[in-house]
Every structure is written in C-alpha cells, then in structure tokens.
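A.B. asks: The following block contains a protein sequence and its predicted model.
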Amino acid sequence: MVVQDRKASVASNASVVEKISSYRPRFFMLMSSLIAICTITVGVLGWQLTFNAAKRNIETLVSEIEDVVSNQISTYIQDEAKTLMRICQMQAGMFATNQWSFSTPERKNSTLKAMLVALNAFSEHTFDMYYYTYPEGLNFGYYFSPTGMLQLWTQENMTQYTFNSISDGTVNNPGNNNTLWIGPGGMQGSNLNFSDPNSSGYSNIYLFEQKIFVSAYHIAVNRMTNEQVTFGADWTMTFLTKRLTQILATIPYPMFCAIVEPFTGYIVTLSSNASLTSDDQSSILSLNDVQDPFMQDFSSYLNTTYKGYELVDQLKAATNLVSVSPLFTSRKLQNANWQLQMQSVLFGKSPYLFLTYLNVDAVEIEVSQVSTRTGYIMLGIILAFLLAGTLFSVTVSSQLNLVRKQIGMLKQLKFHEVLDKESGVKGRSFIHELADLQQSFHEMVQVFASTIKTSQSLRSGQPSNQTSEMSTTGKEQSVIRQSVRKLPNT
C-alpha cells in the first residue's frame with residue numbers, strides 16, 4: 001500500500017513537472033513582461049541615479065549657489081559704488097568747466113538749484129549731494145530725510161576751523177572742518193590729496209547723527225575762478241541692507257550675508273536686523289560685539305583659526321587668505337548645518353571681506369522633495385508605458401490569434417468561413433506581414449484542394465475543369481475529406 005502511494009505521488013509530481021514544462025506562455029504576456037521589465041528598470045534606475053548624484057553633489061550645489069549670490073551682491077555693490085563716485089565726478093566736471101560756481105551769491109544759488117535737480121535724478125543711488133569748502137571744510141548741500149522730506153544742509157553760522165591755522169582744527173580734533181576729516185590721515189580714511197585736482201576716494205564707515213555712513217569724495221578746482229571744493233555723496237547702511245535683503249529674497253534657501261571692513265573690525269552691512277551701534281548709538285560696534293548668531297559664529301571661527309591675534313589682524317589675515325579664491329567651510333549653527341563662504345571684495349581701492357552663510361539642510365530637503373516629485377512623475381510615466389505596451393501586446397496577440405484561427409479553419413477545409421468571392425479573404429490582418437501570411441496560406445490550401453478535387457475526378461472517371469475557385473457546399477467538403485482520408489501515407 002505504501003509503495004502504491006509513493007508511486008502515485010511520483011506520478012503526480014511527474015505530471016505536474018510535465019505540465020509546467022509543456023506550458024507555453026501567451027505572446028502578449030511575453031511582450032507585456034518585457035516592456036514592464038525594461039520600463040521599470042530604466043525608470044527606477046534613472047530616478048535613483050539622478051537622486052544619488054544630487055545627494056553626492058550637495059556641497060558643490062551649495063558652493064555654486066553661494067558663488068552666484070555673492071558675485072551678484074558684490075557686483076551690485078561695486079556698481080553702486082562706481083555710480084556714487086560718478087555722481088561726484090559729474091559735479092566736479094561741471095564745477096571745473098565753470099558751469100557751476102560759488103563765487104557770487106547768484107551763481108551759488110544757481111549751482112545749488114542744479115545740484116537739487118541732479119539729486120532728484122540720482123535719488124535711487126544716493127540720498128544726498130553736497131560740497132565741502134576749502135580750506136574751511138564747511139558743508140553745503142541737499143539731502144532726503146528718513147521721512148522723504150528734502151532738506152538743505154548748511155554750516156553757514158558754525159565756527160570755521162581753518163586747516164593748519166587754528167590750533168583746535170587738527171586731524172585728531174577736526175571739529176566742524178571736514179577738510180581735516182577727509183584729508184591725509186583724517187578720521188574718515190579717504191586720505192584725499194588736496195594738491196591734486198583729480199583726487200578722489202571713499203571713506204571708511206563712520207557714525208554721524210546715530211547713523212552709519214559710507215561716503216564718496218572728489219576734489220574739483222574751477223579753472224576760471226580758481227575756487228576749490230570737494231563734492232560728496234553718501235550711502236547709509238540702511239540703504240545697503242535694503243538692497244541686500246531684496247537680493248536674498250530671491251533665494252529659496254535660508255541665507256545670511258555680511259560685509260566686514262577688515263582694517264577697522266566694523267561691519268559695513270548685514271542681512272539681519274541686528275544693531276551695529278551701541279545702545280546709546282554713540283559708537284559703532286566691532287564684529288565681536290554685534291548680537292547676531294552668525295557674526296558670533298564667525299567670531300568663534302576667527303578665534304579658533306587665528307589664535308592669539310587681535311580682531312583686526314584676524315580679519316586682515318582672513319582677507320589675504322581669500323584674496324585669490326573664495327574659502328568654504330562647514331559650520332554648525334542653531335542645530336543646523338551651514339556652509340560659510342568667505343570672499344574678498346574690492347570696494348574702491350580697499351579689500352573688504354564678504355561673508356555668506358547658506359543652510360545646507362534646507363538644500364538637502366529641497367533635493368529630497370524634488371526627488372520625490374520626480375519619483376511620482378516617473379511612476380506616472382512607467383504606468384503610461386505599461387498601459388501602452390499592454391495595449392500594443394494585446395493588439396498584436398489578437399492579430400496573431402486571428403491568423404491562427406483562420407489557418408485552423410482552412411486546415412479543416414472550411415473555406416466558406418474564411419474566403420469571400422469578392423474580397424478574397426475575410427478578416428484580413430492590418431499587420432502587413434500577417435496579412436501576407438494569410439494570403440499565402442490561403443493560396444497554398446486552394447492549390448492543395450484543387451489538386452485533391454482533380455484527383456477525385458480522375459478516380460471516378462469523370463472529366464474535371466480545374467479552376468482556381470473552390471466550391472463551398474457541404475457535400476463537396478465531405479467528398480474532399482474522404483479523398484484526403486484515402487490518400488496513402490507518405
């Protein structure tokens with residue numbers, strides 16, 4: 001009994017193996033499987049390769065973004081600085097050619113009116129235009145107040161400290177004499193040469209009336225009256241910060257920028273709202289004292305990198321280090337990963353240190369989100385290709401099945417179900433090769449059937465007329481089948 005069960009089990013297993021080995025998949029299943037495998041493989045691999053390449057190049061991407069932003073900002077600031085100087089040069093040119101003059105009250109009023117018109121034209125680049133007398137250094141001109149009101153600035157009734165004439169008027173104690181402020185060794189750092197009628201320069205940042213300024217100056221000498229004055233135009237740090245914020249608003253990632261004056265340790269401008277002056281607004285804060293997390297982090301970086309040096313020496317060393325190419329370093333700030341870029345920017349004739357912080361985590365999140373969206377898009381494309389491939393496979397398979405059925409009917413000599421006297425073949429496939437196969441098989445069967453009919457006629461002793469058309473009656477089909485059975489096996 002046990003032996004019989006084992007034999008039955010072996011026979012059953014053998015039958016299963018035989019069934020599996022004899023199984024032939026449908027054509028549309030093969031084509032659909034091939035299309036599915038190719039589409040899914042190419043789609044998923046392409047998506048993953050792109051995502052992995054993006055993740056590996058995050059640091060490069062961050063560096064390129066910082067490069068673009070820093071170059072855009074530095075180019076903008078340099079262009080604005082050149083525009084500020086061109087405003088002074090324009091005034092100096094008008095004065096040197098005697099189109100402007102302060103030699104008489106009438107000409108002075110005319111010149112001030114012309115300066116007012118020019119200020120209105122250049123109001124997007126500066127908020128004031130003025131001149132200093134020489135050697136007294138008194139200031140006259142126009143400026144827009146923070147409320148937008150136009151005001152006249154004059155030192156008409158102020159004490160006049162003359163250059164190298166009164167003891168109170170010295171470089172270290174210039175008083176109201178702006179000539180001492182902007183002259184050689186002056187506190188503003190512009191170091192103008194008053195013996196050179198084409199001398200020009202920019203000031204360091206300085207505090208005036210509780211605001212931080214940067215000024216451009218240009219000496220002018222009237223060739224007709226020999227008057228000498230110094231024309232000037234100013235920026236406030238509010239002006240620069242506003243422009244800086246506008247540029248950063250176009251960047252989709254958290255970013256911080258600042259410009260540092262390395263030879264003073266002061267911050268020219270920064271993109272945050274941190275105060276750059278003391279609580280009583282009587283002095284400018286050094287970089288180490290500014291209450292901003294990014295500037296505190298940069299101060300920590302300087303103290304770690306340049307131990308034992310004073311702030312100004314640290315900044316000068318950092319500026320020299322990045323004078324040829326920018327420096328990138330990773331920083332951990334506020335529980336997030338940031339990349340710091342340091343770059344040297346030439347402002348006037350002096351190099352300044354440009355700082356950029358970019359949130360690396362935000363870039364990685366953006367890359368992941370883009371990858372997810374790309375994955376969904378790829379999934380939709382894959383499904384569309386699978387649907388199109390399945391429809392194509394089913395269509396081709398149905399055409400093959402049509403040909404198979406017709407061949408089967410022809411094999412059974414059911415000509416009336418396949419052939420039509422007018423059109424020739426019923427249900428011709430729209431695929432060219434399959435249609436040719438149908439026609440060729442039909443013609444072959446017609447010749448074969450005609451041969452059988454002729455042979456049958458000769459055996460029965462009746463003459464026959466060979467024709468290319470077949471009779472499709474049931475009686476003729478029966479005769480042909482009997483003839484086929486009587487044919488000897490070859």
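C.D. replies: Cool, got the structure. Remember, predicted model here, so these are calculated numbers, not experimental data.

A.B. asks: Skipping adjacent residues, who's closest to the residue nearest in space to the middle of the chain in space?
C.D. replies: Nearest residue to the geometric centre of the chain (CA atoms, centre = their mean): residue 65, 7.8 Å. With sequence-adjacent residues excluded and distances taken as CB to CB, 6 or more residues apart in numbering, residue 65 is closest to residue 358, at 6.1 Å. Placement of C-beta: from N, CA and C, glycine included.

A.B. asks: which other helices and strands contact the longest helix anywhere in the chain?
C.D. replies: As assigned by DSSP state H, the longest helix anywhere in the chain is helix 360-411. In terms of contacts (3 or more CB pairs under 8 Å, 6 or more residues apart in numbering; DSSP states H and E), helix 360-411 is packed against helix 27-56, helix 58-96, strand 336-347, helix 432-460.

A.B. asks: Pull out the buried positions in the third one.
C.D. replies: The reference is to strand 336-347. Judged by neighbour count (16 or more other CB atoms under 10 Å), strand 336-347 contains these buried residues: 337, 338, 339, 340, 341, 342, 343, 344, 345, 347.

A.B. asks: I figured the first one hits residue 358, correct?
C.D. replies: By that I understand residue 337. No: with contact defined as CB atoms under 8 Å, residue 337 does not count as touching residue 358 (9.9 Å).

A.B. asks: Quick check: the nearest residue to residue 102 once chain neighbours are set aside vs residue 225, distance?
C.D. replies: Excluding the flanking residues, the one nearest residue 102 by CB to CB, 6+ apart is residue 108, at 4.5 Å. Residue 108 sits 12 Å away from residue 225, going by CB to CB, to the nearest Å.

A.B. asks: residues bridging contact with the two, i.e. touching both?
C.D. replies: Common contacts of residue 108 and residue 225 (CB atoms under 8 Å, 6 or more residues apart in numbering): residue 101.

A.B. asks: wait, what's in contact with residue 194?
C.D. replies: Residue 194 touches 134, 135, 179, 183, 219, 228, counting by CB under 8 Å, 6+ apart.

A.B. asks: helix/strand/coil for residue 135?
C.D. replies: Of the three states, residue 135 takes coil according to DSSP: H, G, I helix; E, B strand; the rest coil.

A.B. asks: you'd agree it is up against residue 179?
C.D. replies: Yes: contact criterion CB under 8 Å: residue 135 and residue 179 qualify, at 5.5 Å.

A.B. asks: Give me the neighbour count for residue 377.
C.D. replies: Using other CB atoms under 10 Å as the criterion, residue 377 is surrounded by 12 other residues.

A.B. asks: Residue 351 belongs to a strand, doesn't it?
C.D. replies: Yes: remark: residue 351 belongs to a strand, assigned using three-state DSSP.

A.B. asks: Distance-wise, check the nearest residue to it once chain neighbours are set aside relative to residue 240.
C.D. replies: Distances taken as CB to CB, 6+ apart put residue 344 closest to residue 351, at 4.9 Å, once the chain neighbours are dropped. Plainly put, residue 344 is 18 Å away from residue 240 if you go by CB to CB.

A.B. asks: domain assignment for this structure?
C.D. replies: Residue ranges for the domains of the chain, per automatic domain parsing: 55-62+240-366, 78-236, 412-485.

A.B. asks: could you dump those to CSV with distance to residue 383?
C.D. replies: What follows is these, written out as CSV (distance: least, CB to CB, whole Å):
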stretch, distance to residue 383
domain 55-62+240-366, 26
domain 78-236, 52
domain 412-485, 26
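
A.B. asks: What does residue 196 show for phi and psi?
C.D. replies: Here is the backbone geometry of residue 196 (degrees, to the nearest 10): phi -110, psi 110.

A.B. asks: just the one 4 residues further on next, same as before
C.D. replies: Dihedral pair for residue 200: phi -150, psi 170, per degrees, to the nearest 10.

A.B. asks: same question, the one 4 residues further on
C.D. replies: Recorded main-chain torsions at residue 204 are phi -70, psi 170, according to degrees, to the nearest 10.

A.B. asks: and residue 224, what does it touch?
C.D. replies: 98, 101.

A.B. asks: Give me the secondary structure label for it.
C.D. replies: Secondary structure of residue 224, per three-state DSSP, is coil.

A.B. asks: Then the one 10 residues further on?
C.D. replies: Secondary structure assignment for residue 234 (three-state DSSP): strand.

A.B. asks: Against residue 78, how distant is it?
C.D. replies: For residue 234, the distance to residue 78 - CB to CB - is 17 Å.

A.B. asks: which one of those two has more residues nearby?
C.D. replies: A direct count of neighbours by other CB under 10 Å for residue 234 and residue 78 places residue 234 higher, at 20 against 14.

A.B. asks: need the contact list for residue 249.
C.D. replies: So residue 249 contacts nothing (CB under 8 Å, 6+ apart).

A.B. asks: What pLDDT is listed against it?
C.D. replies: On pLDDT, residue 249 comes in at 84.

A.B. asks: cool, and residue 95?
C.D. replies: For residue 95, the model assigns a pLDDT of 96.

A.B. asks: I'm done for today, thanks for sticking with me.
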